[in-house]
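Visitor: Structure, please.
(one chain, ligands or ions: 1)
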Amino acid sequence: MKAVKTLGQFIIEKQADFPYAKGELSRLLRDIGIAAKIVNREISKAGLIDIIGETGEINTHGEQQKKMDVYANEQFISALQSGGECCIVVSEENDEHVYIDSEISKNAKYIVAIDPLDGSSNIDVNVSVGTIFSIYRRKSDEGKATLDDVLQKGTEQVAAGYVIYGSSTMLVYTTGKGVNGFTLDPSIGEFCLSHPEISVPNQGNTYSINEGYYTHLPAGVKKYIKYCQVEDDGTSRPYTSRYTGSMIADIHRNLIKGGIFIYPATSQYANGKLRLVYECNPMAFIVEQAGGKASDGYRRILDIEVTELHQRSAIFIGSQKMIEKAEEMMAEFLPENAKWISGLNEKLNGVGQIN
Ligand code: P6P
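Guide: Numbers count the residues shown, from 1 in each chain. Next comes the predicted model:
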């Protein structure tokens, strides 16, 4: 019978992997883990108490704010406030960054960007949802941390992870030395190491995209979808289509079994729907650390300049060979496609201007 290793024991054991003062990451992940357990408790009984449904509020993105979104956001911000390691929280649910102004946090060095409950519209129908988090160190050395401390490229992340509230509740994270997964054992209230050193297969046979938008997709994406659907034994096609409407569930499945998740620029979302700071960057860091790839169809996600808190990005993420095949097709239509991705012109090195 293998010994149970809890998240806390694992972090201390791997302390050397985190190049900063002893115990800081432990406390940050402890704080996030505590909030995740509380959110998990509420989600697991959401159908029984009056916490499903909408608050009637509209969040910063013009989307109906679900009660669980609000509850989860409060829990994570509260846990980070009392933990003392975090000086600013950026959340999908808050228009502005939240400065943690407390005695315990006055020397805090970390910025946490979080999507407290991604895919929350799925709670009402019992589909897996999740929390995504990204951790940076502030750039300034002293004084009140500012927005400038927050707007950092994905390559600057010191840790990232997600919690998936599914058939079991798992916390998956990286500090840049590989990816490990922990499953919550409700009987002891601890996240226990269940998926050590996760490695994404470099080729899979599952593709995840909302094909309902087909007519609104870039030409390169349309060509890739058709490629996935062709009968070809040599490349195990046609692939299987799996799209849950919950990015974490789709990406987690592909992380374990191989596959590709695409949310491209569309005619409705000219820069993609998903947010760079607290969705694309953390998931890209994790998938790259597991040996996969993540781009916007042209550029590595982690290299994209961050200019706004709620900036959106297209995302192609998962098994390396599948991303490369999709990028190959995107490149065929570069001038026509990329005009949808703002700021791409100046990034292209002589590939040709986009009108
Ligand atoms: P669509 C959930 O709202 C989310 O942010 C992701 O979790 C999910 O993959 C995507 O949006 C679903 O968007 O446009 O396909 O309904």
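
Visitor: Show me which residues of this structure sit near the ligand.
Guide: 118, 119, 210, 245, 246, 247, 273, 274 (CB under 6 Å from any ligand atom). To be clear about C-beta, it is placed using only N, CA and C from the backbone, and glycine gets the same treatment.

Visitor: what kind of secondary structure is the closest residue to the third one other than its chain neighbours in?
Guide: Put plainly, it is residue 210. Distances taken as CB to CB, 6 or more residues apart in numbering put residue 243 closest to residue 210, at 5.8 Å, once the chain neighbours are dropped. What DSSP: H, G, I helix; E, B strand; the rest coil gives for residue 243 is coil.

Visitor: Put the buried members of the residues of the chain next to the ligand into a ChimeraX selection.
Guide: Of these, the buried ones go into a single ChimeraX selection, burial set by 16 or more other CB atoms under 10 Å:
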select :118,119,246,247,273,274
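
Visitor: Mind telling me the two of the residues of the chain next to the ligand farthest from one another?
Guide: 118 and 210 (15.1 Å; CB to CB).

Visitor: Which strand or helix spans residue 10?
Guide: Assigned by DSSP states H and E, residue 10 belongs to helix 7-13.

Visitor: from the middle of its chain, how far away would the following helix or strand past that helix be?
Guide: Using DSSP H and E, the helix or strand that follows helix 7-13 in sequence is helix 24-44. In terms of CA atoms, centre = their mean, to the nearest Å, the centre of helix 24-44 is set 16 Å apart from its chain centre.

Visitor: Residue 326 falls within a helix, correct?
Guide: Yes. Counting by three-state DSSP, residue 326 is located in a helix.

Visitor: Tell me which helix or strand in the chain has the weakest average pLDDT.
Guide: Least confident helix or strand, the chain: helix 334-338 with a mean of 59, by mean pLDDT, DSSP states H and E.

Visitor: returning to that earlier point: I would like the residues contacting the helix holding residue 10, please.
Guide: Counting by CB atoms under 8 Å, 6 or more residues apart in numbering, helix 7-13 makes contact with 5, 18, 25-26, 29-30, 33, 171, 180, 182, 190-193, all of which sit outside it.

Visitor: for that helix, which positions count as buried?
Guide: By 16+ other CB under 10 Å, the buried positions in helix 7-13 come out as 7, 10, 11.

Visitor: Next one: the second one relative to residue 239, how far apart?
Guide: Translated: residue 10. As judged by CB to CB, to the nearest Å, residue 10 and residue 239 stand 34 Å apart.

Visitor: what ranges do the helices span in the stretch 1-150 of the chain?
Guide: With DSSP state H, counting those that start in this stretch as the criterion, the stretch 1-150 of the chain has helices at 7-13, 24-44, 67-83, 147-150.

Visitor: Save the ones you listed as TSV, and put in mean pLDDT too.
Guide: Formatted as TSV, these follow (pLDDT from 0 to 100):
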stretch	mean pLDDT
helix 7-13	89
helix 24-44	91
helix 67-83	93
helix 147-150	92
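
Visitor: Include distance to residue 100 when you put the ones you listed into TSV, please.
Guide: Putting the helices of the stretch 1-150 of the chain into TSV (distance: least, CB to CB, whole Å) gives the following:
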stretch	distance to residue 100
helix 7-13	21
helix 24-44	11
helix 67-83	5
helix 147-150	12
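
Visitor: how about the ones you listed, which one is nearest residue 135?
Guide: Across the helices of the stretch 1-150 of the chain, residue 135 has its closest neighbour in helix 24-44 (6.2 Å, CB to CB).

Visitor: re the thing from before, for residue 161, find the nearest of the helices of the stretch 1-150 of the chain.
Guide: Taking the helices of the stretch 1-150 of the chain one by one with CB to CB, helix 24-44 is closest: 7.4 Å.

Visitor: The closest one versus helix 67-83: what angle between them?
Guide: Helix 24-44 and helix 67-83 are oriented at 150 degrees to each other (axes from the mean of the first three to the mean of the last three CA atoms, to 10 degrees).
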